[in-house]
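**Student:** need a structure here:
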Amino acid sequence: MSSTLRSHGKNTVVWILMALLILGLGGFGMTSFSGSVRAIGAVGETEIDINDYARALRGEIDAASAQLGRRLTTPEALAAQLDKRVQGQLLGRAALEEQARIFGISVGDAQLQREITGARAFQGLDGNFDREAYRLALRQLGLNEGEYEDKLRAEMALTLVQGAVAGGLAAPGVQADLYTAYITETRAISYAEVTEADLADTAAAPDEAALRAFHGENPGRFTRPETRRISYVWLTPDMMLAEVPVDEDALRRIYQDRIAEFVQPERRLVERLVYPSAEEAADARARLDAGTASFADLAAERGLTLADADLGEVAAADLGAAGQAVFALDAPGVVGPVDTDLGPALFSMNAILAPQEITFDEVRDELAAEAALDRARRMILDQSADLEDLLAGGATLEDVAAETRMELGTIAFNDTTEDGIAGYSAFRDAAGQVTQSDFPELADLEDGGVFALRLDGIDPPALIPFDEIRDQVEAAWRAEDLLTRKRARAQEVLAAVSAGATLGSSGLLVTTLGTLPRGGFVEGMPAALAQTAFTLAEGGADIAEAEGRVILVQLDAIQPGDPADNDVQAVRAVMDRSIAQSLAGDLVDLFARAAQAEAGLTLDSTAINAVHAQMQ
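**Tutor:** Numbering: from 1, shown residues only. Below is the predicted model:
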């Protein structure tokens, strides 16, 4: 984590996204905890805010739920000790913040202002800081301006501490070599899929008794999941568009404010290598011209990849003193050495991008749609307080729909529901947790809309009657029968191959692949094929099965990566960085543990239990 924060410390968007990630601000609409208890614990004098813990735990549960493919309940999360993991993370963070406090590390108001006003998340359509957008974004995160600014200031100070603790670490060469060798090893394989045409027998026609028996023996395939009957009201920016007027003059002002997006000069795709001295740059250029080194080779000598040297799309003005030389090229090539602010440099120009001009008329509809949606979001934000007051005053969802622009709807919700309002993750999260004792509360949708819901009832999982899904049962029976027969044929071939026969003698259509990289795939084949290939000893064979397909795979040869190959060297460079980042993370973790031991830590079990109780 520390390396990432150091390398992107000046990128305001990353600052904000990383702050939200670490703080676990995934629980949009999460109810704040109020009262005299403000913290779940502390390291020294640095407290862990109770709302931060609730948001972080919610984010951890969301992540675990996404991996499981279903909503994880709070008791299940506690049983899996997700709460302990989150507490450990927040205690480690608090320890670093405590050290920043002790060291007197902070950032000034001017720097904080630059980070906030420069963040794209808080900019309006004209590209400038928009306080309303700022307020809306923070509202969706459940924070006020003071809270967010305090957290961002602490995050920036924490990053300085991390950089001081873990800066300059290098990966052990032997470890990087071993990882590189493992990753770059390739395999030569032969494979053959068993299809229905390869089977000697034909499919039998199931009778009614067999289908009914299959239906009863496989309830998991034919059971309707638990379904929640939910009523809801919602209001989205799209629903408000009819009320939003279009101001042509305003659209033209927006176009002019963003003219750099629509009118672009000729650009080039450029890579740059900077050298410590003019002599070294000239020597590199001479080897390049002689054909004894490529630009990628020169980058590798500098400890870089071409991705590190890539400047992307640049205009002549972006290149300073090198602009004239680079733009004098009429085809891809290399110029330099050229003196730059960073030192003597070589520039590789890889493509010419023609100038472009998009007229106002061409983007008018797009700008109008963006402006209308932005205005609609603001209108919803302005109405939110009144909507919250209605619900808090005891109004039913039906009352709210009758008195406001919010639309009433009902939905039968389960883990497979994705249509309509169920397409919003905020709604799905709320729908999966609401109980019949909960009162409807206004919550935010990802597009700036709002909703409130009520649980009307829960239908438990139930086996769908056979007569309702007879065709589905028969299709499943036939698929299972075919799979069983393909497995039997594959086992016959595998036994013959293991006894010394060739895969080609099986009568199956055999395909050979000379180079299969680790983590790669075979086009048109399931991932299980490549995965199986990398479990085999040389000359071995096995069956890969997935998605109803049965494939025999034999490993013909194991091929180590060539250390002199450019791609292998690029992997080696990535390994160096990744291992160094991992070591840096471990070092920061050890430092945080030592800081905890020195400053002392406390946890308030009562406050923690209160968070758990409210989340259930």
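
**Student:** Restricting to C-alpha, output stretch 245-258 in CSV.
**Tutor:** Output in CSV follows, covering the C-alpha atoms of stretch 245-258 (Å, rounded to 0.1, in the frame of the first residue of the first chain):
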residue,chain,number,x,y,z
PRO,A,245,-35.0,23.2,-19.1
VAL,A,246,-32.2,23.3,-21.7
ASP,A,247,-30.3,26.6,-21.8
GLU,A,248,-28.5,26.9,-25.2
ASP,A,249,-26.3,29.8,-23.9
ALA,A,250,-25.2,27.7,-21.0
LEU,A,251,-24.4,24.8,-23.2
ARG,A,252,-22.2,27.0,-25.4
ARG,A,253,-20.4,28.3,-22.3
ILE,A,254,-19.8,24.7,-21.2
TYR,A,255,-18.4,23.9,-24.7
GLN,A,256,-16.0,26.8,-24.5
ASP,A,257,-14.9,26.0,-21.0
ARG,A,258,-14.1,22.4,-22.2
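
**Student:** Ranking helices and strands of this protein by mean pLDDT, which lands last?
**Tutor:** helix 2-7 (a mean of 34; mean pLDDT, DSSP states H and E).

**Student:** May I have the secondary structure class of Ala564?
**Tutor:** coil (DSSP: H, G, I helix; E, B strand; the rest coil).

**Student:** And it, how far from Glu398?
**Tutor:** 73 Å (Cβ to Cβ, to the nearest Å). Yep, even glycine has a C-beta here, placed from its N, CA and C like the rest.

**Student:** neighbour count winner among those two?
**Tutor:** Between Ala564 and Glu398, counted using other Cβ atoms under 10 Å, the more crowded position is Glu398 (12 against 7).

**Student:** Could you pull up the residues touching the more buried one?
**Tutor:** By Cβ atoms under 8 Å, 6 or more residues apart in numbering, the contact list for Glu398 reads Leu408.

**Student:** if I've got this straight, it is in a helix?
**Tutor:** Yes: checked against three-state DSSP, Glu398 lies within a helix.

**Student:** tell me the pLDDT at it?
**Tutor:** Looking at Glu398, its pLDDT stands at 95.

**Student:** Against Leu390, how distant is it?
**Tutor:** 12 Å.

**Student:** what's the answer for Glu480, then?
**Tutor:** Taken as Cβ to Cβ, the span from Glu480 to Leu390 is 54 Å.

**Student:** Show me which of the two is the more surrounded one.
**Tutor:** For Glu480 versus Leu390, neighbours defined as other Cβ under 10 Å are more numerous around Leu390 (19 against 14).

**Student:** Packing partners of whatever helix or strand the more buried one lives in?
**Tutor:** Using DSSP states H and E, Leu390 falls within helix 360-392. Judged by 3 or more Cβ pairs under 8 Å, 6 or more residues apart in numbering; DSSP states H and E, helix 360-392 is in contact with helix 131-141, strand 227-235, helix 237-240, helix 248-257, helix 397-403, strand 450-459.

**Student:** Need the mean per-residue confidence for it.
**Tutor:** 85.

**Student:** Next: stretch 432-451.
**Tutor:** 91.

**Student:** ok so, going back, pick the most buried one from the helices and strands packed on helix 360-392.
**Tutor:** The highest average neighbour count among the helices and strands packed on helix 360-392, using mean count of other Cβ atoms under 10 Å, belongs to strand 227-235 at a mean of 21.

**Student:** Asn350 is in contact with Gly333, isn't it?
**Tutor:** No: using Cβ atoms under 8 Å, Asn350 is not in contact with Gly333; the gap is 9.1 Å.

**Student:** Show the average pLDDT along stretch 213-232.
**Tutor:** Across stretch 213-232, the per-residue pLDDT values average to 92.

**Student:** go on, stretch 45-54?
**Tutor:** 87.

**Student:** Report the distance from it to the chain centre.
**Tutor:** 26 Å (Cα atoms, centre = their mean, to the nearest Å).

**Student:** all helices of the stretch 451-600 of the chain, in order?
**Tutor:** Assigned by DSSP state H, counting those that start in this stretch, the stretch 451-600 of the chain shows helices spanning 470-498, 527-533, 566-599.

**Student:** where does the stretch 1-150 of the chain have low pLDDT?
**Tutor:** Within the stretch 1-150 of the chain, the segments meeting pLDDT under 70 span 1-37, 125.

**Student:** coming back round to it: ok, which of the helices of the stretch 451-600 of the chain comes nearest Arg55?
**Tutor:** Comparison of these against Arg55 by Cβ to Cβ identifies helix 566-599 as nearest, at 20.2 Å.

**Student:** just how off-centre is the helix holding Leu390 within its chain?
**Tutor:** 27 Å.

**Student:** Sounds good, over and out.
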